[in-house]
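Chemist: mind folding the following:
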Amino acid sequence: MNDVQHTIGVAAAPETVYDLLADATAWPVNFHPTVHVEQLEQDGVHERIRLWAVAGDRVKAWTSRRHRDPDGLRIAFEQEVSQPPIAAMSGAWLLRGLPDGGTAVVLEHSYRAVDDDPDRLAWIAEVTDRNSRAELANLKALAEQAADRSELLLTFEDTVVVDGGIADVYDFLYQAQQWPDRLPHVARMDLTEDEPGVQIMEMDTITADGAMHTTKSVRVCFADERIVYKQIVVPPLMTAHTGEWRVTEVRGGVAVTSRHTVAIRPEAVPGILGEGATVADAREFARTALSGNSRITLEHAKAYAEQITAGSQV
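Modeler: Numbers count the residues shown, from 1 in each chain. Have a look, this model is predicted:
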């Protein structure tokens, strides 16, 4: 096994840091490389998770087991199912309180490459180093602004009910490469799906005032159920944006929900919204813009599915 260690000092209490690490479902909005986390099992101490993350220019998925020790300020992890070129990966987060009230954070990794191939080993070493540095920097920033974090986070959703089939609604959302022809606010879409159910999409969107902005997202698709995504290139007003398209059978048809979670970048607010603008203004601005686009998409998905249903009944 190859062992590596990364460290950082954080001006926050160990318990604050530990809580951020313990809640794996919040990682997509907290840590840049993480796209999505599914909690498969948990009993308060032991946990099994499925995780998708950006690794270099690829998206990798794996299943890990974690052992959480709040008293010892330690979280150990081991990949149960790794993806090539990784043959095995394990490690731990170790926290130590400092005399000034801060925390020394140590992130340990032990890994092995498939066939112990030197090129594969070099790739794993480079990605592990890059992601570890990014995660530690994210962790430091999050812990040190923890008191203001709730003001910076915004979660909201919109729902429509469709008199149509769940597969048709899902198909509209899944076939995003068709959106420039189907949605008035989408000007360009580049979509790739090298792994089934994992899409990388770059999209140009037209705003209400006619401006154009580009976003890049990773989407994880669960057929006829939901599509979760994370923007890996976000507008300057945000530090993170994750979302979900969810389709559910209900009385009278199919409920289609668009859910967003946004983290506001407070230092960017005055430059984008004007001097004197507040985080509250930024929250309202983000909600109005994102909800507006989502509602357009929901209404077009509704029309698409209902037209198919109507046609099948002729």
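Chemist: going by C-alpha atoms from here, please, whenever you check contacts or count neighbours.
Modeler: Noted.
Chemist: find the nearest non-adjacent residue to residue 16, please.
Modeler: Of all residues not flanking residue 16 in the chain, residue 143 sits nearest, at 6.3 Å (CA to CA, 6 or more residues apart in numbering).
Chemist: that neighbour: neighbour count?
Modeler: When neighbours are counted by other CA atoms under 10 Å, residue 143 registers 23.
Chemist: where along the protein do the strands fall?
Modeler: Assigned by DSSP state E, the chain shows strands spanning 2-10, 34-42, 46-55, 58-69, 74-81, 86-97, 103-113, 153-162, 186-195, 198-206, 212-222, 226-233, 238-250, 253-264.
Chemist: export these to a markdown table and append columns for distance to residue 22.
Modeler: Shown next, in a markdown table, are the strands of the chain (distance: least, CA to CA, whole Å):
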| stretch | distance to residue 22 |
| --- | --- |
| strand 2-10 | 17 |
| strand 34-42 | 12 |
| strand 46-55 | 10 |
| strand 58-69 | 7 |
| strand 74-81 | 8 |
| strand 86-97 | 10 |
| strand 103-113 | 14 |
| strand 153-162 | 18 |
| strand 186-195 | 29 |
| strand 198-206 | 26 |
| strand 212-222 | 23 |
| strand 226-233 | 20 |
| strand 238-250 | 19 |
| strand 253-264 | 19 |
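Chemist: mind checking these for the one nearest to residue 131?
Modeler: strand 46-55 (7.6 Å; CA to CA).
Chemist: quick one: list the elements packing against the closest one.
Modeler: Contact here means 3 or more CA pairs under 8 Å, 6 or more residues apart in numbering; DSSP states H and E; on that basis strand 46-55 packs against strand 34-42, strand 58-69.
Chemist: mean pLDDT, mean neighbour count and distance to residue 52 added to those, as JSON lines?
Modeler: As requested, the helices and strands packed on strand 46-55 are exported to JSON lines (pLDDT from 0 to 100; neighbours: other CA atoms under 10 Å; distance: least, CA to CA, whole Å):
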{"stretch": "strand 34-42", "mean pLDDT": "95", "mean neighbour count": "18", "distance to residue 52": "5"}
{"stretch": "strand 58-69", "mean pLDDT": "94", "mean neighbour count": "18", "distance to residue 52": "4"}
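Chemist: looking at those, spot the one closest to residue 199.
Modeler: The closest of the helices and strands packed on strand 46-55 to residue 199 is strand 58-69. By CA to CA, the value is 9.1 Å.
Chemist: could you list the single helix or strand in the chain with the lowest mean pLDDT?
Modeler: In the chain, no helix or strand scores lower on mean pLDDT, DSSP states H and E than helix 149-152, which sits at a mean of 88.
Chemist: circling back: which one of the helices and strands packed on strand 46-55 lies closest to residue 248?
Modeler: Residue 248 lies closest to strand 34-42 among the helices and strands packed on strand 46-55, at 18.5 Å (CA to CA).
Chemist: elements contacting the closest one?
Modeler: Contacting strand 34-42 under the criterion 3+ CA pairs under 8 Å, 6+ apart are the following elements: helix 27-30, strand 46-55, strand 226-233.
Chemist: would you turn these into CSV with mean pLDDT and mean neighbour count?
Modeler: Output for those, formatted as CSV (pLDDT from 0 to 100; neighbours: other CA atoms under 10 Å):
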stretch, mean pLDDT, mean neighbour count
helix 27-30, 93, 22
strand 46-55, 94, 19
strand 226-233, 96, 22
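Chemist: rewinding a little: possible to save the helices and strands packed on strand 46-55 as CSV with distance to residue 115?
Modeler: CSV is the format used below for the helices and strands packed on strand 46-55 (distance: least, CA to CA, whole Å):
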stretch, distance to residue 115
strand 34-42, 27
strand 58-69, 19
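Chemist: of those strands, which is nearest residue 184?
Modeler: Using CA to CA, those put strand 34-42 closest to residue 184, at 27.2 Å.
Chemist: thank you kindly, that will do.
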